[in-house]
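Peer 1: give the three-dimensional model of this entry:
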Amino acid sequence: MSMQVNVIGNLTRDPELRFTKGGDAVANLSVAVNERVKDGDVWVDGEASYYDVKVWRKLAENTVEHLRKGDRVVVIGKMKIEKYEARDGEQKQKPVVTADEVAESLRFKGTGSRPEPAAAISDDIPPF
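Peer 2: This is a model prediction of the structure:
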């Protein structure tokens with residue numbers, strides 16, 4: 001069973017690209033999500049949660065090309081519980097998000113000021 005999720009946070013490392021034996025690209029990401037809590041009159045970072053994300057095929061290649069550690073991202077996908085064997089041989093489980101969409105968040109990008117408008121175009125040149 002899987003559950004649709006939205007994860008918004010910061011990449012904890014550069015995305016890692018690998019290829020399956022069949023040649024499909026897969027990127028692994030780790031996203032940190034900080035809860036914001038109010039401490040008196042001030043908002044502060046609370047406890048962080050970390051999410052493992054798998055991204056497949058062309059989206060994986062685009063993710064690795066355009067995103068870096070520290071970038072704020074929006075991930076939409078399905079969360080599943082994956083089973084794996086730990087180094088000590090013990091069977092374990094962990095939640096993993098398989099991404100349908102990955103995008104850079106622009107919420108905190110830049111200085112917040114709008115760019116200057118483009119220079120005016122002469123009236124004798126059509127606008128198309």
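Peer 1: on the three-state scheme, the residue nearest in space to the middle of the chain is what?
Peer 2: Centroid check for the chain by CA atoms, centre = their mean gives Val73 as the closest residue, at 3.6 Å. At Val73 the chain is in strand, as set by DSSP: H, G, I helix; E, B strand; the rest coil.
Peer 1: that one against Ile8, yeah?
Peer 2: Yes - between Val73 and Ile8 a contact is recorded at 7.3 Å, counting by CB atoms under 8 Å. In short, each C-beta sits where N, CA and C put it, glycine included.
Peer 1: tell me, what's touching these two both at once?
Peer 2: Ser105 (CB atoms under 8 Å, 6 or more residues apart in numbering).
Peer 1: just the pLDDT for the residue nearest to the centre of the chain.
Peer 2: We have a pLDDT of 97 for Val73.
Peer 1: how close does it get to Ala60?
Peer 2: For Val73, the distance to Ala60 (CB to CB, to the nearest Å) stands at 14 Å.
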